[in-house]
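pasting the sequence and the predicted coordinates here, then a few questions.
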Amino acid sequence: MLEVIVGAARWFQLAANLIILGSCVFLIIANDGKYSYTAQWIEKLERLFPRLAISIVVGLVVILAATIAKVTGSADKLLQPEVWLDFVSDTRAGLIWAGQMIAAILLVISVLYLRNSSRVRWHYAFCALMAMFPLIADAMVSHSAAEGMSFSNVVPYALHIILAGVWLGGLPALLLLKYEYVKQVKSKKSSLRDIQILKRFSAIALPVMLLIVLTGLVVGDRIFDGDYAAMVATPYGWLLNAKLLLLCVILIIAARIRSFWLPMFANSENSQETQSSAAGMRKWVRIEFILAMVLVLIATILANNATPAKHVIIKEWPFSFRFSIIATWGGENVALQVWGGLAIVTIALIVLYFGRTAHWNLKRLVTIPAVLFIFGLAVALPPLTIEAYPETYRKPPNLFDAISVSYGAELYSQHCVDCHGYQGRGNGIKSRTMSTVLPDMLTEPHTVEHTPGDFYHWISFGMKDTDMPGYADKLDEEERWDLVNYVYALSRGYQTRILSPEIIPNRKNVHPPVFSYAAHDGSSGVLQDFRDKQSVLLVIFSWPQSEARISQLKQSFEKLKKHNIAILAVPTNELTSEEQSEITVNLPFPVVTQGAHEIVESYALYRRTMSRPDLLGRGSTPDHMEFLIDRDGYLRARWIPLDDEFGWNNVELLEKQIDLLNKENSNVAKAGEYIK
């Protein structure tokens, strides 16, 4: 019940805010600056402003009351002022609410001043500016801001909602203006003035709508985070589809008003025609406004109540196919068919344009472009489809961590090596007896073309029309996901062969396995503990082969520490007590004692270089490897003394790389902890 109350209050408060903003923008358009425009519709519109502004304040109070009741679990707490004060002062949501309330109160003062002042443009502009601030504050409590209170997260949503206000808020003003023409016949002078107003509003409406769509795409991309399957497989996606459908209907109505009713109104030759066209325009604007209010309701639910798509688990994909450009583009004639289909779609749009300019009747104008458009899609889309399964978009429950990858390696050696080979190249001892050619999961982009859910389905139930069996009866769910993690670690490891001791600035695309550890000095933690704080130098060493390097790092530690770098040393083999004592005496950085085996085994998959691809047999782990992981969790550089001609034994080179990482903008998505 509280969710319903909060949703209704947010919708009412947001709608009132949008109407004030858009109406003020409309009044700026109506006032040409040469004279004070005092039409009756303006009087009626301005009388609404104080009520709408006060309703914003009331809506915010209701939202806070419902939120406190939900958090405390008791409505009785609402009678205690200290509870309200504590929530507002001690929580981020409370502080943002306070800012929004201050902005709403300033808006009330602004509209009251407007009601008692002369009608000049800057008064309307100031009121519109005041109406923007509550909307900006509202953007700070949206799902976009929940991903991080950053410029790139908040600004697109804030622009989206402000632009929506410019368009939606202007509709009530437009309705009131048209209502005057239905009530009484206007003079030709008034008609010309109002025609000019409508044309000005129409001129800005199109670019505003395009910007609304553009900012909506930016916000949507962040919400979905590339997982667009959620569009048709989650409640969030269904609501968004309903919103998009409504938007399409609204755009069609707006286009009809712009292309038919407005020219009819502008070209009316007598009062009767003017009234008739004004009445028709008013009817369609009213429908547009009602649909827009429903759209705002859906948008409110999406922004504040519905769980964002990227956080929803798609338990079952409802279709037997999916679209994938990556997996299909290299196929025979695929590009030709797709471009051919898109050409037909383009022709459909051209026909629509020329049909409008030639004044085709509605039936012809809709039917011919629609047939061409559908035919074009029928040509372009089928080549881009591949088989999908109920688990295709299921998100892995297992972290992509060193333990999971290590367990996956053990399971792979028990169940998969004979067919797929030690390194996943499809060259196992039994591969030559198979009826089908096995895929190369190491050097070919197999894991890029398919989802983790695809691999999980194949491991669980086998592959249709191949010799691969299913292992659902032999491995539990967690073990199957460990196998999936290992397969992805294999592929990711091979892709990192381009890494060197020097970073590539701003190229953050390698997600290494995360891990937990305990060290000789009593410290413990997880790799994620260093996020936003320090870069990490992960040193995987052998003893005594790495003795000189460990000694060098020990001597250089104070110098490196000034560059804000953490060092974790991980032995490739379990150390004896004597070796551990010898290594750690006066050592200023930790040596991992628990979790070392899993870290070494998972990071050994990242050992390949351009000069030593290491593609045959079981592969070999170098005695010494070092990995530089940035503050966002991405693997950025690597030094393997066995292969690299120069490296971080030149401490100045290492310092330079750390400085480059520290200077980078860290305002990016953190490295994923799950494969996708």
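Cool, got the structure.

tell me where the longest helix sits in this structure.
In terms of residue count, the longest helix belonging to the chain (DSSP state H) is helix 188-224.

output the lowest mean pLDDT helix or strand found in the chain.
helix 143-146 (a mean of 56; mean pLDDT, DSSP states H and E).

and the helix or strand that the longest helix of the chain is followed by with helix 188-224, angle?
Going down the chain from helix 188-224, the next helix or strand is helix 235-256, by DSSP states H and E. Per axes from the mean of the first three to the mean of the last three C-alpha atoms, to 10 degrees, the angle that helix 235-256 makes with helix 188-224 is 160 degrees.

can you give me the buried ones in the longest helix of the chain?
191, 193-195, 197-198, 201, 205, 208-209, 211-212, 215-216, 218-220, 222-224 (16 or more other C-beta atoms under 10 Å). Quick note: C-beta positions are derived from backbone N, CA and C, even for glycine.

now swap in stretch 123-139 and tell me
Neighbour-count burial for stretch 123-139 [16+ other C-beta under 10 Å]: 123-124, 127-128, 130-139.

in CSV: these, plus distance to residue 27.
Output for these, formatted as CSV (distance: C-beta to C-beta, whole Å):
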residue, distance to residue 27
123, 9
124, 5
127, 9
128, 9
130, 14
131, 12
132, 15
133, 19
134, 19
135, 18
136, 21
137, 24
138, 23
139, 24
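
least confident pick among these?
In terms of pLDDT, residue 139 ranks lowest among those, with 76.

let me see the contact set for the residue lying closest to it once chain neighbours are set aside.
Of all residues not flanking residue 139 in the chain, residue 158 sits nearest, at 3.9 Å (C-beta to C-beta, 6 or more residues apart in numbering). Contacts for residue 158 (C-beta atoms under 8 Å, 6 or more residues apart in numbering) come out as 135, 136, 139.

now the stretch 151-300 of the chain, which segments are flagged as low pLDDT?
Within the stretch 151-300 of the chain, the ranges that satisfy pLDDT under 70 run 151-152, 177-195, 226, 265-275, 278.

kindly recompute the last result at 50.
Along the stretch 151-300 of the chain, the parts satisfying pLDDT under 50 run over 184-190.

residue 318 touches residue 233, doesn't it?
Yes: with contact defined as C-beta atoms under 8 Å, residue 318 reaches residue 233; the gap is 6.2 Å.

for this structure, what spans make up the strands?
Assigned by DSSP state E, the strands in the chain fall at 321-323, 385-387, 516-519, 524-526, 535-541, 565-571, 592-594, 625-629, 635-639.

and the closest residue to residue 589 other than its chain neighbours, how many neighbours does it have?
Distance criterion C-beta to C-beta, 6+ apart; nearest residue to residue 589, sequence neighbours excluded, is residue 567 at 4.0 Å. Per other C-beta atoms under 10 Å, the neighbour tally for residue 567 reads 21.

where does residue 567 land on pLDDT?
Residue 567 is given a pLDDT of 97.

ok, the one 3 residues further on next?
As predicted, residue 570 sits at a pLDDT of 97.

residues contacting the residue nearest to residue 589?
Counting by C-beta under 8 Å, 6+ apart, residue 567 has contacts 536, 537, 539, 553, 557, 560, 589, 590.

separation between it and residue 628?
11 Å (C-beta to C-beta, to the nearest Å).

bridged to the residue nearest to residue 589, which residues?
residue 537 (DSSP bridges).

burial count for the closest residue to residue 610 other than its chain neighbours?
Ranked by C-beta to C-beta, 6+ apart and with sequence neighbours excluded, the top spatial neighbour of residue 610 is residue 497, at 5.6 Å. Neighbourhood size, residue 497 [other C-beta under 10 Å]: 19.

ok, residue 497 to residue 249 distance?
52 Å.

and for residue 611?
Distance of residue 611 to residue 249, given as C-beta to C-beta: 60 Å.

which one's more surrounded, those two?
residue 249 (14 against 11).

circling back: quick one, which of residue 318 and residue 233 is more surrounded?
residue 233 (22 against 10).

ok, and the closest non-adjacent residue to the more buried one?
residue 314 (4.7 Å).

I'd say that neighbour and residue 395 touch.
Yes: using C-beta under 8 Å, residue 314 is in contact with residue 395, at 7.2 Å.

quick one, which of those two is more surrounded?
Between residue 314 and residue 395, counted using other C-beta under 10 Å, the more crowded position is residue 314 (21 against 17).

quick one, what contacts that one?
Contacts of residue 314 (C-beta under 8 Å, 6+ apart): 229, 230, 233, 234, 393, 394, 395.

the first one against residue 395, yeah?
No: under the contact definition of C-beta under 8 Å, residue 229 does not touch residue 395, with a separation of 10.6 Å.

what number of residues lie near residue 239?
17.

ok, residue 480 to residue 493 distance?
20 Å.

do residue 576 as well
Distance, residue 576 to residue 493, by C-beta to C-beta: 30 Å.

start to end distance for stretch 661-676?
Using C-alpha to C-alpha, to the nearest Å, the span of stretch 661-676 from its first residue to its last is 25 Å.

in that stretch, what's buried?
Under the neighbour-count criterion of 16+ other C-beta under 10 Å, stretch 661-676 has 661, 664, 670, 671, 673, 674, 675, 676 buried.

run through who's touching it.
148, 150-152, 225-227, 395-396, 398-401, 451-452, 484-485, 488, 503, 505-506, 508, 511-512, 514, 528, 531-532, 535, 563-564, 628, 630-634, 636.

hey, what's in contact with both of residue 567 and residue 628?
536, 537.

wait, which of the strands of the chain is closest to residue 473?
strand 385-387 (23.0 Å; C-beta to C-beta).

sheet partners, orientation included, of that closest one?
strand 321-323 (antiparallel).

buried stuff in the partner strand?
Neighbour count says strand 321-323 has residue 322 buried, by 16+ other C-beta under 10 Å.

contact partners of that strand?
229, 381, 384, 385, 386, 387, 388, 392.

how about 10 Å then?
The contact list for strand 321-323 (C-beta atoms under 10 Å, 6 or more residues apart in numbering) reads 228-229, 381-389, 392-393, 451, 454.

picking that back up, among the strands of the chain, which is nearest residue 330?
strand 385-387 (12.2 Å).

just give me the neighbour total for residue 166.
Neighbours of residue 166 under the rule other C-beta under 10 Å: 23.

do I have it right that it meets residue 26?
Yes: in this structure, residue 166 is within contact of residue 26 by C-beta atoms under 10 Å, at 8.7 Å.

give me the common contacts of those two.
With C-beta under 10 Å, 6+ apart, residue 166 and residue 26 have common neighbours 128, 201, 204.

any idea how far residue 197 is from the last one?
Residue 204 sits at a distance of 11 Å from residue 197 (criterion: C-beta to C-beta).

who touches both of the two?
Common neighbours of residue 204 and residue 197 (C-beta under 10 Å, 6+ apart) are 26, 29.

quick one, helices of the stretch 351-500 of the chain?
362-380, 402-415, 417-420, 446-449, 452-461, 477-495 (DSSP state H, counting those that start in this stretch).

can I get the ones you listed in CSV including mean pLDDT, distance to residue 261 and mean neighbour count?
Shown next, in CSV, are the helices of the stretch 351-500 of the chain (pLDDT from 0 to 100; distance: least, C-beta to C-beta, whole Å; neighbours: other C-beta atoms under 10 Å):
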stretch, mean pLDDT, distance to residue 261, mean neighbour count
helix 362-380, 92, 14, 15
helix 402-415, 96, 62, 20
helix 417-420, 94, 66, 18
helix 446-449, 88, 50, 18
helix 452-461, 95, 50, 22
helix 477-495, 95, 57, 23
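
so which of the ones you listed is nearest residue 60?
Taking the helices of the stretch 351-500 of the chain one by one with C-beta to C-beta, helix 452-461 is closest: 42.4 Å.

which other helices and strands does the closest one contact?
strand 385-387, helix 446-449, helix 477-495 (3 or more C-beta pairs under 10 Å, 6 or more residues apart in numbering; DSSP states H and E).
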